[in-house]
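**Q** just the structure for this:
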Amino acid sequence: MSRTERLLDLLQLLRNRTVPVTGPDLAAQLGISIRTLYRDILTLQGQGADIRGEPGLGYVLRPGFTLPPLMFSADEIEALVLGSRWVARRVEDRRLGDAAANALSKITAVLPAQLRDTVEAATLLVPGGDIVPVRVELSTIRLAIRTEHKLRIEYRNGDGAPSERIVWPFAVAFFEKVRVVMAWCELRQDYRAFRLDRISELHSLPDRNPRRRAVMLAEWRQREGIAGR
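**A** Residues are numbered from 1 along each chain as shown. Now for the predicted structure:
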């Protein structure tokens, strides 16, 4: 986590509390030392955040402090709301769903009142639907992609034939009913797409991918004729 992200998370924690919260509690939630927390609080106070309190008593953020205004159009706000709702309803990854909701909450907190009302009144809804169930953790795959580490998977193809693969994952596609991880397969020595519902076991490996995920994604897009954005 970068320092900027940590400061934003600290602000969010304080915004969500109406009574003072102790330094040790804040430090534990952020996963930082108490000395780092005190420095971060001083930094935010120096930037204008009205944080009241002191070590040993607890801290509270007085109303009125916001980050520099985020000027979104009504269409942009609806796109953000729709995206976060889709992730929360259609992605089988609770951590990702919670992250989407929290991100929208952070954005909403710094919007002017009129635009904030637009978020609350957004009328673009995401219905539920049948998704082929999976037995593996999508969050494990996301972490492997982010850290560029290999995975070992137990996989069955469309005919039900089993195989063990060592793969270098670089992307996940969310289709209407199935989820697919794109990866370089060491067994096939080529790019392959693996449906998550056909993966029976999944293990993270300590080995780093020999190639960067951005390079593999660009190469795969070019080969498949998919325009990047």
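**Q** could you pull out the strands in the protein for me?
**A** In the chain, the segments counted as strands under DSSP state E are 51-54, 58-61, 149-156, 162-174, 179-185, 190-195, 199-208.
**Q** CA atoms only: put the first one into PDB for me.
**A** Okay, so that is strand 51-54. Provided in PDB are the C-alpha atoms of strand 51-54 (Å, rounded to 0.1, in the frame of the first residue of the first chain):
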ATOM      1  CA  ILE A  51      -8.700  15.800  13.400                       C
ATOM      2  CA  ARG A  52      -9.200  16.300  17.200                       C
ATOM      3  CA  GLY A  53      -7.600  14.200  19.900                       C
ATOM      4  CA  GLU A  54      -4.300  13.100  21.200                       C
END
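**Q** direction included, what does it pair against?
**A** Sheet pairing of strand 51-54 (DSSP bridges) gives strand 58-61 (antiparallel).
**Q** for the record, mean pLDDT for the partner strand?
**A** For strand 58-61, mean pLDDT is 89.
**Q** helices along this protein, start to end?
**A** 3-15, 23-30, 34-46, 74-90, 94-109, 113-120, 138-147, 213-224 (DSSP state H).
**Q** ok so, going back, between the strands of the chain, which one is closest to Arg17.
**A** strand 58-61 (6.7 Å; Cβ to Cβ). Backbone N, C-alpha and C define where each C-beta goes, glycine included.
**Q** what residues sit buried inside that closest one?
**A** 58-59, 61 (16 or more other Cβ atoms under 10 Å).
**Q** and if you look at stretch 196-207?
**A** Going by 16+ other Cβ under 10 Å, stretch 196-207 has these buried residues: 196-199, 202.
**Q** got the residues you listed as TSV, with distance to Gly158 and pLDDT columns?
**A** Formatted as TSV, the buried residues of stretch 196-207 follow (distance: Cβ to Cβ, whole Å; pLDDT from 0 to 100):
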residue	distance to Gly158	pLDDT
Leu196	14	96
Asp197	11	95
Arg198	8	97
Ile199	13	97
Leu202	19	96
